[in-house]
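S.K.: Model the structure of this input:
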Amino acid sequence: LLALLAILVTILAVGSMWDDSATADEAAHIAAGLIKLREGRLDFYATQAPLVETLIAIPLAAHGVRVPDEWHRYGNRPWVAGHILLYRAGYDAQKILRLARSPVIALFLPLCFAVWWFVRDVTGSDAAALAAFALTGFCPTVLAHGRLATVDMGVTFFAFLATALLLRLLRAPSIGVAVATGLAVACTLASKVSGALIVPFFGIVIVLWWFWRR
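M.R.: Reported below is the predicted structural model:
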């Protein structure tokens, strides 16, 4: 049943994005990811953390796609650079979108499995875990963002994973879980600027956990 749900979620994600035109932010994130990855310009679109944008750009860079040097004339303007890449560089815009969206789907599925693992770990119920997987994978909001070349799914996945690992660490402390939690937090911070909210959130969770245990 878990494998069937995963296949259905994948088919929905891939099928629904296949011929979709670019949303408002996708071109900017795709161009920024390519410029950061290929040119090392982390100052480009510096208000966005680089991790997910770089992941988005990896399949494009592997196919030899690059943002034309024309973007330099406009300075640090990611939406302009994205428009140049998609519609003025001579590439197939739809192919670029498909390639850039595939790493996001590769984060969307692990999110579903992370929810499944967390619920199964907490409740010990396979049925509850399967229901949680289905509710995540078929949630319209999550599915809508889980197949777009933006940073939202990345920060969602890493923040949820970090929180699940923190709760596991509080219940059963171990070095391995502590290291995994730290890595997940680091990835959250490197995914999106708003990911920094996980730091005060963790503080609140730890304080509440302490009071609950008392």
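
S.K.: make it CA atoms for all contacts and neighbour counts henceforth
M.R.: Noted.

S.K.: In contact with the residue nearest to residue 195 when sequence neighbours are not counted, which residues?
M.R.: Take residue 195 and drop its neighbours on the chain: the residue closest to it by Cα to Cα, 6 or more residues apart in numbering is residue 189, 5.0 Å away. For residue 189, the contact set (Cα atoms under 8 Å, 6 or more residues apart in numbering) comprises 49, 155, 195-196.

S.K.: could I get those as CSV with secondary structure?
M.R.: Formatted as CSV, the entries for the contacts of residue 189 read as follows, by DSSP: H, G, I helix; E, B strand; the rest coil:
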residue, secondary structure
49, coil
155, helix
195, helix
196, helix
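
S.K.: can you map out the strands along this structure?
M.R.: If DSSP state E is used as the criterion, the chain turns out to lack strands entirely.

S.K.: what about the helices in it?
M.R.: Shown for the chain, the helices assigned by DSSP state H span residues 2-17, 26-39, 51-62, 78-87, 93-123, 126-137, 140-145, 152-171, 175-189, 198-213.

S.K.: Packed most tightly, which of those would that be?
M.R.: By mean neighbour count, with neighbours taken as mean count of other Cα atoms under 10 Å, helix 26-39 ranks first of these at a mean of 25.

S.K.: how far is that helix from where the chain is centred?
M.R.: 15 Å (Cα atoms, centre = their mean, to the nearest Å).
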